[in-house]
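Visitor: need a 3D model of the following:
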Amino acid sequence: MVTGNTIQYQRKKLVPWNFAIPIISVSIPAAFFAGTLTISESLFVMILGISLLFSGLAMIIRHSEVNEPKEWILSRWGLLMNAIIGVILGLIAGFVGIGGGILFAPLLHLQKCLPSKQIAAFASVFIFFNSIAGLSGQLTKQTSIINTMLLTDYIWLFLAVLLGGQIGSRLGSQLLPGILIRRLTGVLVIYVGIRMLLIFSN
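Guide: Numbering: from 1, shown residues only. Here you go, the predicted structure:
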C-alpha cells in the first residue's frame, strides 16, 4: 500500500525530492540500526501508542495552510533540523516497525514549510524507505521470528492506517483539500494511538 501511495504521489509530481533525499539518507541507517535492537512488548506498545497519539493531536490542531514550499526548508539550518528529526524518527521506526512518516507529517505541518499534499507525499516516501530499512534490521536478529510475531499481534491496528493512507493518497492527490486530509488522518491516528495505549494499560 505504501508503494502504491508513493507511486500515486510521484505521478502527480507531489514528492519534494530536493527535501526528501537528504532527510531519508540519514534516517535509513538509524532505522536499520534500531531494527537490530530488541525491545520488550510493553515498551513497543507504549512507544508506538504515545507517538501516534501526539502525532494525531498535532495534525488536527488548527493552523494556516501553506500554498507553496518555504525557501528556508531547503536552507542549511532547515535541512539540519529536519535531518535530526529524521534520525530520531528513523530510530523509532526501526523499533516499532512502521516507517515514521506518520510521525514526521504533523511536525512538518507545525513548521508550515510545505503544502499538505507535499507533506503527505513526503511521508509516504519516508515510510517506504524506513520500513524497508527497519525490517531489514529486524531480520538480522536471532529473535526476528519473535519480533515478527509481535508485529503480527498488532497488525490489525495498522491496517486501518494503511488502508486510509491508500484511499487518502488517491483522493488527496486529486480531489480533497489539504486541510481536510490532515484532519481526517489526525482522527484516524489518534484512534489507533488510543487503542495501543489501552492494550498497554491492560
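Visitor: show me what contacts the closest residue to Phe200 other than its chain neighbours?
Guide: Spatial nearest neighbour of Phe200, excluding adjacent residues (CB to CB, 6 or more residues apart in numbering): Val45 at 4.3 Å. Bear in mind the C-beta positions are built from the backbone N, C-alpha and C, glycine included. Residues near Val45 by CB atoms under 8 Å, 6 or more residues apart in numbering: Tyr154, Met196, Leu197, Ile199, Phe200.
Visitor: run a quick neighbour tally on the third one.
Guide: Burial of Leu197 is recorded as 17 neighbouring residues (other CB atoms under 10 Å).
Visitor: now do the fourth one
Guide: Counted by other CB under 10 Å, the residues lying close to Ile199 total 17.
Visitor: residue boundaries of the helices in the chain?
Guide: 2-11, 17-35, 41-60, 76-96, 101-111, 116-139, 144-153, 155-172, 178-201 (DSSP state H).
Visitor: now those in a markdown table, with mean pLDDT and distance to Val66?
Guide: Below are the helices of the chain laid out as a markdown table (pLDDT from 0 to 100; distance: least, CB to CB, whole Å):
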| stretch | mean pLDDT | distance to Val66 |
| --- | --- | --- |
| helix 2-11 | 72 | 17 |
| helix 17-35 | 93 | 13 |
| helix 41-60 | 79 | 14 |
| helix 76-96 | 90 | 14 |
| helix 101-111 | 81 | 9 |
| helix 116-139 | 86 | 8 |
| helix 144-153 | 51 | 35 |
| helix 155-172 | 56 | 15 |
| helix 178-201 | 78 | 9 |
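Visitor: using a markdown table, please lay out those helices together with distance to Lys70.
Guide: Formatted as a markdown table, the helices of the chain follow (distance: least, CB to CB, whole Å):
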| stretch | distance to Lys70 |
| --- | --- |
| helix 2-11 | 20 |
| helix 17-35 | 10 |
| helix 41-60 | 18 |
| helix 76-96 | 8 |
| helix 101-111 | 8 |
| helix 116-139 | 11 |
| helix 144-153 | 37 |
| helix 155-172 | 21 |
| helix 178-201 | 15 |
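Visitor: of all those, which lies closest to Glu68?
Guide: Closest to Glu68 of the helices of the chain, according to CB to CB: helix 116-139, at 9.6 Å.
Visitor: the closest one - contacts with which helices or strands?
Guide: Packing partners of helix 116-139 (3 or more CB pairs under 8 Å, 6 or more residues apart in numbering; DSSP states H and E): helix 2-11, helix 17-35, helix 76-96, helix 101-111, helix 144-153, helix 155-172, helix 178-201.
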